[in-house]
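Visitor: My questions concern the predicted model and sequence given below.
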Amino acid sequence: MAPQTTASCTGSTLLQPISEIINLPVDQVNFVACQLFALLMAMWFRIYLHPSKTSPFVRHVVATLLGLYLALFCFGWYSLHFLIQSGLSYGVMIFVSLEHMHKYCFIVTLGYLILCQITRVYVFDYGMYSADFTGPMMVITQKITSMAFEIHDV
């Protein structure tokens, strides 16, 4: 039996039988399966959606939908935090002047990450499942902040 029950996983429980066979929590199995699936999709993406064959719009739509699906598969409704953080920073980039956009974007993204992390630690049980959604949010924070600084520097 896996050391973690399906009730503690917010993502998909489709791989629960595999989780029980290899005796790992289903959220970890989901994460590894998504990583392997993403590698396979990258090869498919490169071959069948090559820039010489398809438009950038199609490539962006496919990549976005695939990314959203994988996030939902791994993190369940917690993946909405990725969209909220991205939406907030996009709003900052649109409505704040170019002179101060990078600073406000940094404050908003890092502030939202801190808020999510504090909520995970103090409001919810931190050990409720091992695939923590704030890990990918840290990467998103870095990417959004670096993009805002790059736009400012241009």
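Guide: Looks like it arrived, so ask away. Numbers count the residues shown, from 1 in each chain.

Visitor: and Ile18, what does it touch?
Guide: Counting by Cβ atoms under 8 Å, 6 or more residues apart in numbering, Ile18 makes contact with Val29. Yep, even glycine has a C-beta here, placed from its N, CA and C like the rest.

Visitor: following the helix or strand where it lies, which helix or strand comes up?
Guide: Taking DSSP states H and E as the definition, Ile18 sits inside helix 16-22. Where DSSP H and E defines the elements, the next helix or strand beyond helix 16-22 is helix 26-48.

Visitor: What is that following helix packed up against?
Guide: helix 16-22, helix 56-75 (3 or more Cβ pairs under 8 Å, 6 or more residues apart in numbering; DSSP states H and E).

Visitor: Show me what the mean pLDDT comes to for that helix.
Guide: For helix 26-48, the mean pLDDT works out to 93.

Visitor: just stretch 72-92 next, same as before
Guide: Mean predicted lDDT for stretch 72-92 stands at 94.

Visitor: Contacts for that stretch next, please.
Guide: For stretch 72-92, the external contacting residues (Cβ under 8 Å, 6+ apart) are 9-12, 14, 27, 30-31, 34, 68, 71, 101, 104-105, 108-109, 112-113, 116, 131, 133, 136-137, 140-141, 144, 148.
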